[in-house]
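A.B. asks: I would like to see how this sequence folds:
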Amino acid sequence: MRVSLQGLSKGYAEGGQQRVVLDGAALDVAPGEHVALIGRSGSGKSTLLNLISGMDRPDAGRVLLGDTELSSLGEGERTRFRRHHVGFVFQFFNLIPTLTVLENLLLPLELVGERHASGRARTLLEAVGLGDRADAFPERLSGGEQQRVALARALVHRPALLLADEPTGTLDAETGAQVLALLQQLVRAEGMTLITVTHSQEVAAAADRVYRLVAGQLQWVDRAEGVRV
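C.D. replies: From the prediction side, this is the model:
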């Protein structure tokens with residue numbers, strides 16, 4: 001899926017004043033490309049992901065995912081589009097604690113009307129090395145195992161676009177490297193477009209291109225000069 005962000009602006013009321021987070025941000029991501037977004041905390045990276053996914057709408061500008069102008073759709077239409085075409089990996093996993101590992105994976109499939117696709121879910125659990133934990137509850141898993149489940153859940157409905165917000169942020173270096181390698185392997189195998197927000201040098205180095213969010217705009221980073229996250 002091609003991603004095109006055109007002149008995105010977004011602000012929030014804060015302390016009686018308007019705080020501008022994005023100010024004309026623009027970006028084009030080719031189908032199947034991996035782009036990493038870096039920047040200081042509070043610079044607006046997560047806000048940008050929320051706009052790309054349709055969880056929020058920009059104050060100005062356009063978000064185009066493939067042939068769909070997501071920013072022009074109503075909330076219900078954006079939700080339906082996201083369920084079918086966008087996957088999201090969160091920093092803190094966001095697994096549902098009262099559902100088993102397998103049930104967490106089946107939920108996105110049920111939301112898009114695929115009620116008999118448990119084979120796909122079990123195949124992905126095998127791919128992330130957790131085929132034997134299908135009936136376990138999230139609290140029984142380590143942080144790395146929970147993030148692998150979250151990755152499988154984000155991919156289970158075959159999204160064309162995967163968004164990852166600090167996917168290794170809560171993991172130790174070794175576990176983070178394992179999750180990153182698995183993320184790259186699965187995304188490449190599925191031919192997905194990947195946009196990652198990160199503070200990790202390793203995650204940024206693995207991307208095809210890196211952009212830094214500064215003063216509400218995206219600046220291309222020349223990796224030949226080194227990437228400072």
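A.B. asks: Okay, now the unreliable bits of the chain?
C.D. replies: Low-confidence segments of the chain (pLDDT under 70): 116, 223-229.
A.B. asks: in it, which residue is closest to the centre?
C.D. replies: residue 163 (1.7 Å; CA atoms, centre = their mean).
A.B. asks: For residue 6, see how far away the closest residue to residue 9 other than its chain neighbours is.
C.D. replies: Leaving aside its chain neighbours, residue 9 sits nearest to residue 60 (4.2 Å; criterion: CB to CB, 6 or more residues apart in numbering). Yep, even glycine has a C-beta here, placed from its N, CA and C like the rest. Distance of residue 60 to residue 6, computed by CB to CB, to the nearest Å: 10 Å.
A.B. asks: quick one: contacts for residue 120?
C.D. replies: Taking CB atoms under 8 Å, 6 or more residues apart in numbering, we find residue 120 in contact with 109, 114, 156.
A.B. asks: And the strands in this structure?
C.D. replies: Under the criterion DSSP state E, the chain contains strands at 3-14, 17-29, 34-38, 60-65, 68-69, 86-89, 161-165, 193-197, 209-214, 217-220.
A.B. asks: Within the sheet, what are the partner strands of the longest one, with directions?
C.D. replies: By that I understand strand 17-29. With DSSP bridges as the test, strand 17-29 is paired with strand 3-14 (antiparallel).
A.B. asks: Pretty sure residue 11 sits against residue 19.
C.D. replies: Yes. The criterion here is CB atoms under 8 Å, and residue 11 meets it with residue 19 at 5.9 Å.
A.B. asks: just to revisit the earlier point, measure the residue nearest to the centre of the chain to residue 137 for me?
C.D. replies: In terms of CB to CB, residue 163 sits 26 Å off from residue 137.
A.B. asks: Specify the beta-bridge partners of the residue nearest to the centre of the chain.
C.D. replies: With DSSP bridges as the rule, residue 163 is bridged to residue 88, residue 195.
A.B. asks: and what of residue 37?
C.D. replies: Here residue 37, judged by DSSP bridges, has bridge partners residue 197, residue 211.
A.B. asks: show me what contacts it?
C.D. replies: Per CB under 8 Å, 6+ apart, neighbours of residue 37: 45, 48, 49, 195, 196, 197, 198, 210, 211, 212, 213, 218.
A.B. asks: about what we covered before: touching, the residue nearest to the centre of the chain and residue 89? I think so.
C.D. replies: Yes. With contact defined as CB under 8 Å, residue 163 reaches residue 89; the gap is 7.2 Å.
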